[in-house]
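Q: Got a predicted structure plus its sequence, pasted below:
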Amino acid sequence: MSVVEVKGFRIPLVGLGTWTLRGRDCARLVEEAIRIGYRHIDSAQMYGNEREVGEGVRASGLRHEVMVTTKIQPTNLAPRDVESSTRESLRALGFDAIDLLLIHWPNPGVPLADTLGAMSKLKHAGVTRQIGVSNFTTALLEEASRIAPDIVCNQVECHPFLNQDKVLAACRRAGVAMVAYSPIARGSAAGNKVLERIGAAHGKSAAQISLRYLTQQGIVVIPRTSKVERLKENMAIFDFELTDAEMREIHGLSSRSGRIVDWNWSPQWD
Ligand SMILES: NC(=O)c1ccc[n+]([C@@H]2O[C@H](COP(=O)([O-])OP(=O)(O)OC[C@H]3O[C@@H](n4cnc5c(N)ncnc54)[C@H](OP(=O)(O)O)[C@@H]3O)[C@@H](O)[C@H]2O)c1
């Protein structure tokens, strides 16, 4: 499995997204994903599946090889809540430590330094190995890096239809990995004619072209699927290379307004 290395921490380039996966199906799918080679699983307090993700990882017998991310929900970003909710996440996962702990979405009602300070304490206490952020704008990412120079990633929406050049440049400046969520645009990359045509030239599906386009730029991807057969498909992207012309053509599909995840979605911040 290809990895990116950030500040000495290795992040597998392809991970399994688990939003919407629940119960026994979630545990079984996580276990199967690890069996076929996944070494990176993405969970969150908000997904309500940390227990099942932990079960699947432990059932695989390969806990020591797998990097598991979880995310603190925006209502838990005050220092005391960071501490208690993260310890609860760790109990649910059933591990000795979380591998990567992220702020899920920024919460303007809580000073960023307070949240990152509490997360750093948890890192020093061994509750999590690494910390990072998600859904941070370029300005917020710069602020976060000043406060906590050891953050390792910014997880953001990223796929061929959304132009994230500015965020990618900011991640590179800050020396953090960009982790792409919704990397196949919630499935809609699969029906795109340009991606299908480029895929046909390589014997690959449009979804695989979307994932290859991102990983070829060093962007980590965390596609979600509920189907075992697609687990393999979404990993089989390292045996071919897109040409510069193909990369440019795919980039041409993107726009600044190509977001599919609603940023006006507002958690209960008060
Ligand atoms: N940090 C954040 O705020 C945030 C926000 C959103 C998501 N995320 C994370 O990112 C992960 C992925 O994002 P996402 O779930 O929004 O979208 P996604 O991974 O881009 O798309 C998932 C959808 O694509 C379908 N799919 C998967 N593989 C496919 C393939 N090879 N061909 C065709 N269709 C395919 C899946 O359907 P089937 O199940 O039928 O295969 C599912 O409906 C999430 O699960 C979550 O872990 C994080």
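A: That came in fine, so what should we check first?
Q: Going by C-alpha atoms from here, please, whenever you check contacts or count neighbours.
A: OK.
Q: which ones are touching Gln130?
A: Gln130 sits next to 99-101, 123, 151-152 when contact means CA atoms under 8 Å, 6 or more residues apart in numbering.
Q: Of those residues, keep whichever come out buried.
A: Buried residues within the contacts of Gln130, counting neighbours by 16 or more other CA atoms under 10 Å: 99-101, 123, 151-152.
Q: Narrow these to those in strands?
A: 99-101 (DSSP state E).
Q: Tell me where the model's unsure across the stretch 1-150 of the chain.
A: For the stretch 1-150 of the chain, applying pLDDT under 70 flags the ranges 1.
Q: How are the strands of it distributed by residue range?
A: 3-6, 9-12, 16-17, 40-42, 67-72, 98-103, 128-134 (DSSP state E, counting those that start in this stretch).
Q: Could you provide the ones you listed in TSV, with additional columns for distance to the ligand?
A: Output for these, formatted as TSV (distance: least, CA to the nearest ligand atom, whole Å):
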stretch	distance to the ligand
strand 3-6	18
strand 9-12	14
strand 16-17	3
strand 40-42	5
strand 67-72	8
strand 98-103	9
strand 128-134	5
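Q: Go through the ones you listed and name the closest to His159.
A: His159 sits nearest to strand 16-17 of all the strands of the stretch 1-150 of the chain, at 14.3 Å, using CA to CA.
Q: Contacts for that closest one, please.
A: Under the criterion CA under 8 Å, 6+ apart, residues 30, 33, 38, 40-43, 181, 222-225 lie in contact with strand 16-17.
Q: which one among those gets closest to Ala200?
A: The closest of those, once distances to Ala200 are taken by CA to CA, is Pro223, at 20.7 Å.
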